[in-house]
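J.: return atomic coordinates for the entry below.
(one chain, ligands or ions: 1)
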Amino acid sequence: MTVRLSVNVDHVATIREARKTNEPDPVTAALLAQMAMADGITVHLRSDRRHINERDLQIIKSTIIIPVTLEMAATDEMVNIALGQRPHVITLVPERPEEITTEGGLDVKTNFDNLGSQVEKLRQAGIKVCIFVNPDLEQIGESKRLGADMVEINTGIWADAPDKNKRWEIERIQKAIDYAVQVGLKATAGHGITYHNVSEILKIKGLYEMSIGHTIISRSVYVGIQQAVKEMKELIIAGVKAQIS
Ligand code: PXP
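T.: Numbering: from 1, shown residues only. So this is what the prediction gives:
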């Protein structure tokens with residue numbers, strides 16, 4: 001059993017959008033990541049289109065053969081795009097217009113009715129639904145009640161935590177993943193995972209997939225995207241081996 005790696009190529013598009021031109025192209029990055037044996041590609045379509053746009057999503061979806069995950073807010077606009085493009089997985093995330101990146105997990109409990117109707121539309125179209133949540137058992141239970149297939153546990157709180165809190169935060173993530181698996185949800189993890197901290201995340205058991213973006217695209221500036229993906233894959237394989245030995 002390994003842990004799958006879905007490579008988020010958003011920040012290739014961030015560089016393109018810095019000049020509003022046509023390079024670098026996240027589609028090329030996705031193809032190269034696939035060649036380097038990424039297990040999936042993730043893109044986040046934001047309402048302000050600050051990086052990925054519909055054209056990127058459409059070409060990635062029609063050319064990439066590994067599963068494509070679309071991260072998006074649970075709005076009618078995004079759900080309509082998702083129904084048209086039919087990615088393999090939709091990860092529903094909260095979105096605040098001025099945020100630099102996703103700031104935390106969805107509050108499924110408070111937004112249950114709206115999320116429920118959007119999840120229903122996506123699942124009826126045969127799209128798997130993942131909910132991005134903090135490592136909070138109540139939110140995971142509500143995600144299951146919502147009809148989700150998967151949860152992505154937010155690792156950002158752990159990644160940003162001071163050293164003295166890291167152990168406690170990782171235990172919270174482990175408990176969250178155990179609970180997700182127990183109620184029948186696939187458990188993925190993402191946000192703030194880097195080459196330097198990934199081995200800690202890989203001590204966690206029960207993880208199906210990790211979604212990693214910024215650190216891989218950053219490294220690819222120096223070593224190229226295929227090498228950057230390969231190095232992350234090697235760390236994952238080593239981490240999984242260490243877990244079972
Ligand atoms: N998961 C979610 C829900 C995200 O919003 C992001 C950032 O777009 C990631 C994972 C990837 O995080 P990072 O870029 O820190 O690897």
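J.: flag every residue of the chain that's near the ligand.
T.: 8, 10, 44, 71, 91, 93, 101-102, 132, 152, 190-193, 211-215 (Cβ under 6 Å from any ligand atom). Using the backbone N, CA and C atoms, a C-beta is placed for each residue, glycine as well.
J.: going along the chain, name the strands of the protein.
T.: 4-8, 40-44, 68-72, 89-92, 128-133, 150-154, 186-190, 209-212 (DSSP state E).
J.: need the ones you listed in a markdown table (columns: mean pLDDT).
T.: Shown next, in a markdown table, are the strands of the chain (pLDDT from 0 to 100):
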| stretch | mean pLDDT |
| --- | --- |
| strand 4-8 | 98 |
| strand 40-44 | 98 |
| strand 68-72 | 98 |
| strand 89-92 | 98 |
| strand 128-133 | 98 |
| strand 150-154 | 98 |
| strand 186-190 | 98 |
| strand 209-212 | 98 |
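J.: same list, those strands, but as a markdown table with mean neighbour count and distance to residue 32 please.
T.: Formatted as a markdown table, these follow (neighbours: other Cβ atoms under 10 Å; distance: least, Cβ to Cβ, whole Å):
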| stretch | mean neighbour count | distance to residue 32 |
| --- | --- | --- |
| strand 4-8 | 24 | 10 |
| strand 40-44 | 26 | 11 |
| strand 68-72 | 24 | 15 |
| strand 89-92 | 28 | 21 |
| strand 128-133 | 24 | 25 |
| strand 150-154 | 28 | 24 |
| strand 186-190 | 24 | 21 |
| strand 209-212 | 26 | 15 |
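J.: of all these, which one comes closest to residue 173?
T.: Among the strands of the chain, the nearest to residue 173 by Cβ to Cβ is strand 150-154 (5.7 Å).
J.: so what are the sheet partners of that closest one and their directions?
T.: Using DSSP bridges, the strands paired with strand 150-154 are strand 128-133 (parallel), strand 186-190 (parallel).
J.: could you dump the strands of the chain to a markdown table with distance to residue 18?
T.: Converted to a markdown table, the strands of the chain look like this (distance: least, Cβ to Cβ, whole Å):
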| stretch | distance to residue 18 |
| --- | --- |
| strand 4-8 | 18 |
| strand 40-44 | 17 |
| strand 68-72 | 21 |
| strand 89-92 | 25 |
| strand 128-133 | 26 |
| strand 150-154 | 27 |
| strand 186-190 | 24 |
| strand 209-212 | 22 |
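J.: thought residue 148 was touching residue 185?
T.: Yes: with contact defined as Cβ atoms under 8 Å, residue 148 counts as touching residue 185 (6.5 Å).
J.: so if I had to pick from those two, which one is more boxed in?
T.: residue 148 (26 against 21; other Cβ atoms under 10 Å).
J.: and the pLDDT for that one?
T.: At residue 148, the pLDDT value in this model is 97.
J.: likewise for residue 244?
T.: 83.
J.: any idea how far it is from the ligand?
T.: 25 Å (Cβ to the nearest ligand atom, to the nearest Å).
J.: equivalent analysis for residue 76, please.
T.: Residue 76 sits at a distance of 20 Å from the ligand (criterion: Cβ to the nearest ligand atom).
J.: what's the answer for residue 166, then?
T.: 17 Å.
J.: and residue 192, how close does it get to residue 66?
T.: 23 Å (Cβ to Cβ, to the nearest Å).
J.: residue 78 against residue 44, yeah?
T.: No: taking contacts as Cβ under 8 Å, residue 78 lies outside contact range of residue 44: 10.5 Å.
J.: now the common contact residues for these two.
T.: Taking Cβ atoms under 8 Å, 6 or more residues apart in numbering as the contact rule, residue 78 and residue 44 both touch residue 72.
J.: so for stretch 52-63, mean pLDDT?
T.: 98.
J.: how far does stretch 62-72 stretch from one end to the other?
T.: 19 Å (Cα to Cα, to the nearest Å).
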